[in-house]
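# got a predicted structure here, sequence first:
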Amino acid sequence: MEDYPQTLQQFEARFSTEEGCRAYLFQLRWPEGFRCPHCGFGKAWAVRATLFQCSNCGSQTSVTAGTLFQDTRKPLSLWFRAMWYVTSQKNGASALGLQRVLGLGSYRTAWSWLHKLRRAMVRPGRDRLTGWVEVDETYLGSPEEGTVGRGVPNKALIVVAAQADGKGIGRIRMGVIQHPSAASLHRFVEGCIERGSTVHTDGWQGYAGLEKKGYDHEVTPVRQRPRKEVSTLMPRVHLVVSLLKRWLAGTHQGAVSHEHLPYYLDEFTFRFNRRKSRSRGKLFFRLVQQAVGTGPTTYAHIAKPSQLRR
């Protein structure tokens, strides 16, 4: 059963205390009742306010153990406010914006929280795209004079898959690849598109052989065609890329490193695929639900070594 606040007033009434937040995490983590993560037994007793001790094996656990919130020193109520803010903003939030809204003491905390939440925006085992799917690659970065084709240095190469929904766009998938080779492109297609679907690409040789992988492969050559015409041949992918670039430039001021780009793509995908949701509360619910199933990570693991030395 999907249980989430519909309004800010409902959110504040329910999650202003640690007890309310822990109760919600318990409900999402153990919807059928407590299960010991060590032995699977279904009975435990409370030890202090935050621990459960298994009646069978005696091991102790908490509702946050093994989740994104493990070992946090900040109140869960602050985490919940962060998730509500991130999901209620149509275009997302920057680290500076989150720091200001929550009154966090450091930019680093806000930055690391956002990156932890982005890791929870991809649901393991999510359904693959089906039906008619456009696939194409593009480079992210400012144009470089005199460079053409699939070989631009110092830029991030991403591949995008956009599922058709009539004349519109259904769900999407995105990924960063090092080179537009058959190995990279086939791996992306197999990872996010159901076999038996129709994959529509341009004539790039890296897509050759998709028929042998179990796909219907429709090819539209675009070489030597005017740029404006190319965008009409792959309209869904080109629109998604345009929206992505606008989002990166607007919300994040273009300050996204190649190293962390995959997680920004995950956030954009999470938002785009839920753009028609009538309730922002449902996005909050999904994010908390997936945060419960996301393992803990640290700032040191997220950040580059050069950032840690600053």
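That came in fine, so what should we check first? The shown structure was predicted, so the numbers you read here are calculated from the model rather than taken from an experiment.
# how about stretch 12-27: buried residues?
For stretch 12-27, burial by neighbour count (16 or more other CB atoms under 10 Å) applies to 14-15, 21-22, 24-26. C-beta coordinates here come from the backbone N, C-alpha and C atoms, glycine included.
# ok, stretch 39-59 next?
44, 52, 54.
# secondary structure added to those, as CSV?
CSV is the format used below for the buried residues of stretch 39-59 (DSSP: H, G, I helix; E, B strand; the rest coil):
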residue, secondary structure
Ala44, strand
Phe52, strand
Cys54, strand
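# who touches the lengthiest helix in the chain?
For the chain, the helix that runs over the most residues, judged by DSSP state H, is helix 235-251. If you take CB atoms under 8 Å, 6 or more residues apart in numbering as the criterion, helix 235-251 is touched by 91-94, 134-136, 138, 140, 160-164, 168-169, 172, 174, 230-231, 254, 256, 264-265, 268, 272.
# skip ahead from it and say which helix or strand is next.
Remark: after helix 235-251, the chain's next helix or strand is helix 261-272, criterion DSSP states H and E.
# counting by contacts, list what that following helix packs against.
helix 107-119, strand 156-165, strand 168-177, helix 235-251 (3 or more CB pairs under 8 Å, 6 or more residues apart in numbering; DSSP states H and E).
# okay, angle between the last one and helix 261-272 too, please.
Spelled out, that is helix 235-251. 110 degrees (axes from the mean of the first three to the mean of the last three CA atoms, to 10 degrees).
# that older thread, out of the helices and strands packed on helix 261-272, which is closest to Ala291?
helix 107-119 (7.0 Å; CB to CB).
# got a list of what Ser197 touches?
Per CB under 8 Å, 6+ apart, neighbours of Ser197: 129-133, 215-216.
# put together TSV for those residues, with pLDDT, distance to Leu102 and neighbour count on each row.
What follows is those, written out as TSV (pLDDT from 0 to 100; distance: CB to CB, whole Å; neighbours: other CB atoms under 10 Å):
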residue	pLDDT	distance to Leu102	neighbour count
Leu129	98	35	23
Thr130	97	39	15
Gly131	97	41	13
Trp132	97	43	17
Val133	98	39	27
Tyr215	98	45	22
Asp216	97	49	13
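# any chance you could map the helices in the stretch 1-150 of the chain?
Counting by DSSP state H, counting those that start in this stretch, one finds helices in the stretch 1-150 of the chain at the ranges 8-15, 18-29, 76-88, 95-102, 107-119.
# now render those helices as CSV, adding mean pLDDT and distance to Cys39.
Listed next are the helices of the stretch 1-150 of the chain as CSV, based on pLDDT from 0 to 100; distance: least, CB to CB, whole Å:
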stretch, mean pLDDT, distance to Cys39
helix 8-15, 96, 31
helix 18-29, 96, 16
helix 76-88, 96, 26
helix 95-102, 94, 38
helix 107-119, 95, 28
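# would you list these in CSV and tack on distance to Thr297?
Shown next, in CSV, are these (distance: least, CB to CB, whole Å):
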stretch, distance to Thr297
helix 8-15, 23
helix 18-29, 18
helix 76-88, 14
helix 95-102, 16
helix 107-119, 6
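# how far off centre is stretch 32-39?
28 Å (CA atoms, centre = their mean, to the nearest Å).
# next, the buried residues of that stretch.
34-36.
# equivalent analysis for stretch 258-278, please.
For stretch 258-278, by 16+ other CB under 10 Å, it's 261-274.
# what is the mean pLDDT for it?
Averaged over stretch 258-278, pLDDT sits at 92.
# residue contacts, Phe272?
So, once contact is read as CB under 8 Å, 6+ apart, Phe272 ends up touching 172, 240, 243.
# how close does the first one sit to Arg126?
Translated: Ile172. When distance is defined by CB to CB, to the nearest Å, Ile172 is 12 Å away from Arg126.
# of those two, which one has the most company?
A direct count of neighbours by other CB atoms under 10 Å for Ile172 and Arg126 places Ile172 higher, at 23 against 13.
# the more buried one pairs with what?
For Ile172, the beta-bridge partners are Ala162 (DSSP bridges).
# ok, it - contacts?
Contact analysis of Ile172 by CB under 8 Å, 6+ apart lists 129, 160-163, 240, 269, 272-273.
# export the residues you listed to TSV and tack on distance to Arg280?
Putting those into TSV (distance: CB to CB, whole Å) gives the following:
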residue	distance to Arg280
Leu129	25
Val160	25
Ala161	26
Ala162	24
Gln163	23
Val240	22
Thr269	17
Phe272	15
Asn273	15
